[in-house]
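Enquirer: what follows is a predicted protein model with its sequence.
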Amino acid sequence: MSLWKDFNQGIFKDNPVLRLMIGLCPVLAVSNTTFNALGMSAAVAFVLICSNLVVAMIRKVTPGDIRIPIFIIIISTFVTITDYVMQAYAPVLYSQLGVFVPLIVVNCIILGRAEAFAYKNPIANSVLDGVGMSIGFTLALGSIGVIREVLGAGAILGIQIYDPAIAATIMILPPGAFITIGFIMAFLNKMENKVM
C-alpha cells in the first residue's frame with residue numbers, strides 16, 4: 001500500500017468516528033465545546049502516532065501471543081505522559097476532560113490501529129496511518145464540537161456569538177452529540193452518493 005493511501009484513508013474513507021463509528025465514548029462526552037474537542041483530539045493524536053511508531057519498531061520481536069498486552073503497555077505509557085503534561089500545562093482542559101484522558105488507554109481507535117495496522121506494516125506507513133487517523137479524528141471531533149457549542153451555547157471557543165437564551169441547550173447534552181453525528185454522517189453519505 002502506498003504511503004499516501006496509508007495517510008489519506010483515515011481522514012475520509014475510514015474516518016474513525018464518522019465512518020467506522022469507533023471511539024465514540026470520548027466523542028460523545030467531550031465534544032460539547034470546541035476547546036474540549038480540540039484538546040482531546042491533540043491527546044489522542046499524540047498517543048496514536050507515538051504508539052503506532054513504537055509498535056511498528058518492535059513488531060518483528062513482539063511475540064504474537066502476548067502482543068495485545070504489549071500494545072496496552074505502550075499505549076498506557078504515552079497516555080501517562082499525556083496525562084502528566086496536561087495536568088502541568090493545561091489544568092483547565094485537564095479538569096474539563098476528566099476521566100476521559102486516562103481512558104485513552106482503552107480507546108479502540110488506538111488499540112485497533114496498533115493491532116490491525118502498525119503491527120503488520122513498516123515504520124513510515126504506520127506513522128502516516130497514525131497521522132491520517134489523527135487528522136480524521138480531529139476533523140470529526142472538531143466539527144462536532146463547533147456545531148454543538150454554536151447551537152447549544154451560542155458561542156465558539158467561549159466567545160459569545162448570539163444570545164444563549166435562544167440556544168438549543170440539548171445540543172450541549174449527550175443527545176446533542178448523537179444528533180450532530182447523525183446529521184454529519186447523513187450529509188457525508190449524501191455527498192458521497194452525489195459523487196458516485
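Expert: Good, I have the coordinates. Numbers count the residues shown, from 1 in each chain.

Enquirer: measure how buried the closest residue to I172 other than its chain neighbours is and give me the count.
Expert: Of all residues not flanking I172 in the chain, G152 sits nearest, at 3.4 Å (C-beta to C-beta, 6 or more residues apart in numbering). For glycine as for every other residue, the C-beta is placed from the backbone atoms N, C-alpha and C. G152: 20 surrounding residues under other C-beta atoms under 10 Å.

Enquirer: what helix or strand is G152 located in?
Expert: helix 123-153 (DSSP states H and E).

Enquirer: got the phi and psi for the residue of the chain positioned farthest from its centre?
Expert: Using C-alpha atoms, centre = their mean, the residue of the chain lying farthest from its centre is A165. It sits 31.0 Å away. Main-chain torsions, A165, degrees, to the nearest 10: phi -70, psi -20.

Enquirer: state the distance from it to G154.
Expert: According to C-beta to C-beta, to the nearest Å, A165 and G154 sit 8 Å apart.

Enquirer: name the element E192 belongs to?
Expert: With DSSP H and E as the criterion, E192 is inside helix 174-195.

Enquirer: for that helix, give the mean pLDDT please.
Expert: Average pLDDT, helix 174-195: 90.

Enquirer: buried residues, that helix. List them.
Expert: 176-177, 179-181, 184-185 (16 or more other C-beta atoms under 10 Å).

Enquirer: what's the neighbour count on P91?
Expert: 10.

Enquirer: and it, its phi and psi?
Expert: Main-chain torsions, P91, degrees, to the nearest 10: phi -60, psi -30.

Enquirer: distance of it from V17?
Expert: For P91, the distance to V17 - C-beta to C-beta - is 27 Å.

Enquirer: do the same with L173
Expert: When L173 is compared with V17 (using C-beta to C-beta), they lie 19 Å apart.

Enquirer: higher neighbour count, these two?
Expert: V17 (24 against 14).

Enquirer: any idea which element that one lies in?
Expert: For V17, there is no host helix or strand (DSSP H and E).

Enquirer: close enough to count as contact, it and S134?
Expert: No. V17 lies out of contact with S134 (C-beta atoms under 8 Å); the separation is 11.7 Å.

Enquirer: next, name the residue at the spatial heart of this protein.
Expert: Relative to the mean C-alpha position of the chain, the nearest C-alpha, by C-alpha atoms, centre = their mean, is the one of F137, at 3.9 Å.

Enquirer: that residue: what's it in contact with?
Expert: 10, 15-17, 23, 41, 44-45, 48, 109 (C-beta atoms under 8 Å, 6 or more residues apart in numbering).

Enquirer: rerun that using 10 Å as the cut-off
Expert: 10-11, 15-18, 22-23, 26-27, 37, 40-41, 44-45, 48, 107, 109-110 (C-beta atoms under 10 Å, 6 or more residues apart in numbering).

Enquirer: which strands or helices does the least confident helix or strand in the chain by mean pLDDT pack on?
Expert: Within the chain, no helix or strand scores below helix 3-8, which has a mean of 79 by mean pLDDT, DSSP states H and E. Counting contacts by 3 or more C-beta pairs under 10 Å, 6 or more residues apart in numbering; DSSP states H and E, helix 3-8 packs against helix 123-153.
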